[in-house]
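Q: next input, structure requested:
(2 chains, ligands or ions: 2)
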Amino acid sequence: MEKTGLIFFPAFDWAISPTHPEREERLLYTRDQIFEEGIIDHPKIMEYKPRLAEETDIQRVHFCVPDVKSQTTTAHLISAGSTLKLADALMNGEIHNGFALVRPPGHHAMRVVHGNRGFCNINNEAILVEYLRRKYKIKKVAIVDTDVHHGDGTQDIFYHDPDVLFISFHQDGRTLYPGSGFVEEAGGPGAYLTTINIPLPPGTGDKGLLKVWREIIKPALEAFQPEIIINSAGQDNHFTDPLANMKVSAQGYAQLTAELKPHLAVLEGGYAIETALPYVNLGILLALAQEDFSWVKEPGCHSGQLAQSQEVDRYVDKIIHYWQSKLAGKRPDKEQLFGPDKKYVRQRSIYYDTDQIYEQQTETVEYCPDCQGLYTVSSQAAKHSGKNYKIWGLSIPYHACPSCVQKGYDLWEKRIGLFGYHIFYLQDKSRDVYLTRK
Amino acid sequence: MLIGIDVGGTFTDGVLLDNFTVKEWVKVRTEEDLTRSIQEVLNYLLEHIAPETIERLVLSTTLITNLLAQKKYEPAGLLLLPGPGTNPHHLSLPGEFVILKGAIDYRGRVIEPVDLKEVEEAAGYLLSRGLKRIIVACKFSQRNNTLEKQVVRHLQHKYPDLKVKASFETSGLLNWVRRINATYYTLAVEEACHHFLSHVSHTLEQIGLKCPVYIMKADGGTIPLDLSRKYPLEAIFSGPAASTLGGLACTSPDITSVVMDMGGTTTDLALVLKGKPLLSSKGAAIAGFPTPVRALAVASLPIGGDTPLVVNNRQLAFGQRKGPALCLGGPELTLTDILVYLGYSSLGQKETIAPFVHDLADRLELSPRETAERALDLLISLLEEALTHMCKTWEEEPAYRVWQVMADKGTRPRTLICLGGPAEGIGQLWAKKREWQVIVPSYAKIANAIGAALACTTLNLDFVADTENLVFYTSIGGKQGTLERPLRTLDEARAFALSLLKEMKGDWQSHELERVEPLYAEGFNIVREWRTRGKIYQIGLQTPPGILGTVKEV
Ligand SMILES: [Zn+2]
Ligand SMILES: [Zn+2]
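A: Ligands and ions are numbered 1, 2, ... in the order given. Have a look, this model is predicted:
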């Protein structure tokens, strides 16, 4: 029998603060609903105990400032570790898919971590992807982010990685945090069109969602041929979510899950903790287990109130058209995209809403015809309180060519100790070596 | 003085303890009428003792297990009020069911009313199918029992002869499927259980025993005889619980060990961690249907001293019991015989067994000694596999809180306590092959009766309060109520839960409130539109399974 793995970690003893949306109560009613259903005893569902992620699992993804310890609580390590435990169960054939119904969430956490952004410190999905690559030699992974907010952290981490397809649909960044996720953000020059953003207007419902899935996401996945599909299963597109303005129902989410068939789903946002989460989570779990979810209906919900406007219909059609022609068109040459300097440079500032931090960073990616190329970042953040850190980080990609590896270590030797920086990071994914110098 | 009686499938054992010393013990054959065996045991134990000196009697019985195994009960129909969620038509339940309108949500709010006309029609249909008993089960009835009560009242009014039972009374825990199953089987065995208990009461009266009488529960605790009428399922699988506690009582009170009880046809393995028998995380299953009944985590293997050795596809294997061991006059070569053959047991003569071992060896094309050793290796590996699985299940128990994930579960046991007939031989063998410490208590053959005699009362309360709605619910008898004032802090909630436990204490004749330990205690802020509207508290309290003391070895 094909089994669905479940790790339910509601972290009943962890909160950002007592009244923060990310508090102990968040998955309480979800627990009640799922346990009362008796679905834990279902022969197709295997419940697993969570485990902790290790420091290396996090260093494979992040430059934590000043270190992993100060950016993570035990709850963060358990949340991330739970996805790894399910990955093991998936890869050794115990389960055919799995759901990490865990908190705290992670999809707003970027490569450099100075603090908490959008309730996230470390990126659970990214940690999962790097683990799958390192331990199981998985080459191509797709992440489909179905949270109402743009998965800007995940996008950031894999922006230059041609082996990770990142697709996010979300409420348009002009109307919602974090204010990004526009179609123009389509991946770095070495990974162009492996980032696909689908901003949707407020008021989009099940119909729009499923149409976007069937007409953009599904064909994009078929073309990319990932070995593993990961779903960032945020649930704040729900019509009752207090932080967003969409009209998706539990049925919509369950139907999407049934068709997307992710290998691993990881809970992200969703803060309608009574009206949405108990039903959406149950719907997703049943869909993963290939069980009937037609009885999962929010009380007092009438289909009429969930119909989307014609204006939304038109907008959805427009974005479908945009992506269909974009993905069907000829892909520009990588060397050409890097331009005459053969180097990608981006400067930007990043705001950490939870911790009120402004980060200034400059990233570079070197063009290499044989691999993804070396990535560097220099970043400075003035914290609301405490120390002002300036860091420099170098990332050698997983499939780096030998000359890039050599170039990377030469650069590392040259840069460490450079005046003005507090911490230096070397992230060598090709050899799984992570160094920090202060 | 204390008396413990364990009514097993073949033998009924009794023990009389005086200040933790075995004063008398007896083993008789279990008769069809269990009360006669109990009477026989008591007559023997009380031959030179005045009944007034007995302070307590604990009975461990297989009655309920037997009734359920032999399907000696009337089936019942089920009326289900599922509300939104999984498709109820796909449920696998012990009886025929009809789905009705009416729903409660996770906070106990009615989200859909009952349709009484529909209820009547459904009941009429079940009656037409020849059913005379009906279970009413609504999802989240442990949070609000009004819909179940409304349906039950209506049915009792409409069909006065019908036996109806609501699910909220059987369990206050989450998991309505388990609640449905438990309600079904409670109704199924209730009458037979009443009958048996009255019979026992009558017998004790005749003998002149006036001390408190308890029934052993599956979780290793005890329940007063009268109260057990209300919770008949608590007594299922009390046999393994009695032997586990017996193993503990015959050794030391803070031991970490595996208690192995090997009988003729089955072997039970139980884990004891620092003197506490491990409880199964979810509850016992009856006929494959899961229930919320708390039980010790016991692994039962269908192998025992009478298990014969057979050849399957030219491989040595274990067969089904045909009778006792050869050396005890049985028809076939069994594990007990092998123990004798290799010198691990002195139960019989090696010479009488040897020709059979030789015959088996020829069929396997092995030497007789190799054959015998291979049989025991097979046994050891099966036992070890079951043990490893058990330890792993315990270590991998799901955890919902940071502290639970971080909790140190300690090291796996390296001590084996052997009970039952072939215990001594198996113990020697295990010690030799696995280098464990092996203990074979001198009272190994009556350890289950000792376990019953010395079992502590266990009480367990799961308490939930919702101060926004001013309601509380508990796991005991489905007790629900209104909070007269909001509980402001976790400490207040804890005190309130403890006061409920104290109320129960009277019914349970428990004198052990000082042993109450918290299982979990947490408060959740109910925050809506950035305002705190109240709190939800979840508190678990228990007096854990354990023993009153250890018996003195002879
Ligand atoms: Zn979100
Ligand atoms: Zn290269």
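Q: show the pLDDT at the residue of chain A found nearest ligand 1.
A: Residue nearest to ligand 1 within chain A (Cβ to the ion): A:Gly269, separated by 2.6 Å. Every residue, glycine included, has its C-beta placed from N, CA and C. On pLDDT, A:Gly269 comes in at 96.
Q: how about the one 3 residues further on?
A: According to the predicted model, the pLDDT of A:Ala272 comes to 95.
Q: residue contacts, it?
A: By Cβ atoms under 8 Å, 6 or more residues apart in numbering or on different chains, the residues touching A:Ala272 are A:Gln235, A:Asp236, A:His238, A:Thr240, A:Asp241, A:Pro242.
Q: now do the contacts for the third one.
A: Translated: A:His238. Residues in contact with A:His238 (Cβ under 8 Å, 6+ apart) are A:Met246, A:Val248, A:Ser249, A:Ala250, A:Tyr253, A:Gly270, A:Ala272, A:Thr275, A:Ala276, A:Val280.
Q: contacting residues around the third one?
A: With contacts defined as Cβ under 8 Å, 6+ apart, the neighbours of A:Ser249 are A:Gly205, A:Asp206, A:His238, A:Phe239, A:Lys297, A:Glu298, A:Cys301, A:Leu306.
Q: could I get those residues as CSV with pLDDT and secondary structure?
A: Shown next, in CSV, are the contacts of A:Ser249 (pLDDT from 0 to 100; DSSP: H, G, I helix; E, B strand; the rest coil):
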residue, pLDDT, secondary structure
A:Gly205, 96, strand
A:Asp206, 96, helix
A:His238, 97, strand
A:Phe239, 96, coil
A:Lys297, 95, coil
A:Glu298, 95, coil
A:Cys301, 79, coil
A:Leu306, 89, helix
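Q: turn those residues into JSON lines, columns for distance to A:Glu185.
A: Shown next, in JSON lines, are the contacts of A:Ser249 (distance: Cβ to Cβ, whole Å):
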{"residue": "A:Gly205", "distance to A:Glu185": "25"}
{"residue": "A:Asp206", "distance to A:Glu185": "26"}
{"residue": "A:His238", "distance to A:Glu185": "25"}
{"residue": "A:Phe239", "distance to A:Glu185": "27"}
{"residue": "A:Lys297", "distance to A:Glu185": "36"}
{"residue": "A:Glu298", "distance to A:Glu185": "33"}
{"residue": "A:Cys301", "distance to A:Glu185": "34"}
{"residue": "A:Leu306", "distance to A:Glu185": "29"}
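Q: and ligand 2, which of these reach it?
A: By Cβ under 5 Å from the ion, no member of the contacts of A:Ser249 lies near ligand 2.
Q: low-confidence ranges, chain A, go.
A: Across chain A, the ranges flagged by pLDDT under 70 are A:384-386.
Q: interface residues of it facing ligand 2?
A: A:Cys368, A:Asp370, A:Cys371, A:Cys401, A:Cys404.
Q: of these, buried ones?
A: Among those, those scoring as buried are A:Cys368, A:Cys371, A:Cys401, A:Cys404 (criterion: 16 or more other Cβ atoms under 10 Å in any protein chain shown).
Q: now, the residues you listed that are in helices?
A: Mapping these onto helices (DSSP state H) picks out A:Cys404.
Q: may I ask which two of the buried ones among the residues of chain A next to ligand 2 are separated the most?
A: Comparing all pairs in these by Cβ to Cβ, the longest separation belongs to A:Cys368 and A:Cys401, at 6.3 Å.
Q: could I get the pLDDT score of the residue lying closest to A:Asp41 once chain neighbours are set aside?
A: Excluding the flanking residues, the one nearest A:Asp41 by Cβ to Cβ, 6 or more residues apart in numbering or on different chains is B:Pro290, at 5.0 Å. B:Pro290 is assigned 94 on the pLDDT scale.
Q: for B:Pro290, give the beta-bridge partners.
A: Listed beta-bridge partners, B:Pro290: B:Ala285 (assigned using DSSP bridges).
Q: can you pull the contacts of it?
A: By Cβ under 8 Å, 6+ apart, the residues touching B:Pro290 are A:Gly38, A:Asp41, B:Asn175, B:Val177, B:Arg178, B:Asn181, B:Lys282, B:Gly283.
Q: again with B:Ala137
A: B:Leu78, B:Leu79, B:Leu80, B:Leu81, B:Glu148, B:Ala166, B:Ser167, B:Trp176, B:Arg179, B:Ile180, B:Thr183.
Q: separation between the closest residue to the second one other than its chain neighbours and ligand 2?
A: Pointing back at B:Leu79 there. Among residues not flanking B:Leu79 along the chain, B:Val136 sits closest, at 5.0 Å (Cβ to Cβ, 6+ apart). According to Cβ to the ion, to the nearest Å, B:Val136 stands 70 Å off from ligand 2.
Q: next: A:Ala233.
A: 35 Å.
Q: count the residues that sit near that residue.
A: For A:Ala233, the neighbour count with other Cβ atoms under 10 Å in any protein chain shown is 31.
Q: sec struct for the residue nearest to it when sequence neighbours are not counted, please.
A: Nearest residue to A:Ala233, sequence neighbours excluded (Cβ to Cβ, 6+ apart): A:Ala265, at 4.3 Å. With DSSP: H, G, I helix; E, B strand; the rest coil as the basis, A:Ala265 sits in strand.
Q: quickly list what A:Ala265 is bridged to.
A: A:Phe99, A:Asn231.
Q: sorry, back to before: weed out the non-buried ones from the contacts of A:His238.
A: A:Met246, A:Val248, A:Ser249, A:Ala250, A:Tyr253, A:Gly270, A:Ala272, A:Thr275, A:Ala276, A:Val280.
Q: tell me which stretches of the stretch 151-300 of chain A form helices.
A: A:152-157, A:206-212, A:218-224, A:250-260, A:277-288 (DSSP state H, counting those that start in this stretch).
Q: quick one: closest of those to A:Met1.
A: Among the helices of the stretch 151-300 of chain A, the nearest to A:Met1 by Cβ to Cβ is helix A:277-288 (13.8 Å).
Q: now do the closest one against helix A:250-260, angle only.
A: Angle of helix A:277-288 versus helix A:250-260, following axes from the mean of the first three to the mean of the last three Cα atoms, to 10 degrees, is 30 degrees.
Q: just the buried residues of the very next helix or strand once past helix A:277-288, please?
A: Counting by DSSP states H and E, the next helix or strand C-terminal to helix A:277-288 is helix A:310-328. By 16+ other Cβ under 10 Å, the buried positions in helix A:310-328 come out as A:Val312, A:Tyr315, A:Val316, A:Ile319, A:Ile320, A:Trp323.
Q: report all helices and strands that helix A:310-328 contacts.
A: strand A:195-200, helix A:206-212, helix A:218-224 (3 or more Cβ pairs under 8 Å, 6 or more residues apart in numbering or on different chains; DSSP states H and E).
Q: most packed of the ones you listed?
A: strand A:195-200 (a mean of 24; mean count of other Cβ atoms under 10 Å in any protein chain shown).
Q: adjacent strands (with direction) for that one?
A: strand A:164-171 (parallel).
Q: which of the residues in the partner strand are buried?
A: A:Val164, A:Leu165, A:Phe166, A:Ile167, A:Ser168, A:Phe169, A:His170, A:Gln171.
Q: now the residue of chain A found nearest chain B. Nearest residue, chain neighbours left out?
A: Shortest chain A-to-chain B distance, computed as Cβ to the nearest Cβ: residue-wise this is A:Gly38, at 3.1 Å. Residue nearest to A:Gly38 in three dimensions, not counting chain neighbours: B:Val177, with 3.1 Å by Cβ to Cβ, 6+ apart.
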